[in-house]
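Q: Okay, sequence plus prediction incoming.
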Amino acid sequence: MLKNSSIISASPEIMGGTPVFAGTRVPVQTLLDYLKAGESIDDFLDGFPTVTKEQVITLLEEAGKELIGMVA
């Protein structure tokens, strides 16, 4: 997917290889946890200002494309 891209990075030196938003130490899972709890993207961005809205939107768009591609 987007691993080791301009959106997501995963390196053993950063958070033990956990996928994070590129250029940050914010795990992608944190965004998913926020959304699962009913929080908004803006709430997430307020809590993690090192992540850009563009990164979040691109991640969600790419994840959606992959899911749709699985069914096609």
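A: It's in. Numbering: from 1, shown residues only.

Q: Now the residue nearest in space to the middle of the chain: closest residue in space that isn't a chain neighbour?
A: The chain has Val28 as the residue nearest its centroid, 3.7 Å off, counting by Cα atoms, centre = their mean. Excluding the flanking residues, the one nearest Val28 by Cβ to Cβ, 6 or more residues apart in numbering is Pro19, at 4.8 Å. From N, CA and C alone the C-beta is placed, and that goes for glycine too.

Q: Show the average pLDDT along stretch 17-31.
A: Taken as a whole, stretch 17-31 has a mean pLDDT of 96.

Q: May I see the buried residues of it?
A: Buried residues in stretch 17-31, defined by neighbour count with 16 or more other Cβ atoms under 10 Å: 18-22, 24, 26-28, 30-31.

Q: coming back round to it: next one: the residue nearest to Val28 from Ile8, what distance?
A: From Pro19 over to Ile8 the distance is 5 Å, taken as Cβ to Cβ, to the nearest Å.

Q: Over to Asp46?
A: 21 Å.

Q: Quick check: the farthest pair among the buried residues of stretch 17-31?
A: Ala22 and Thr30 (14.3 Å; Cβ to Cβ).
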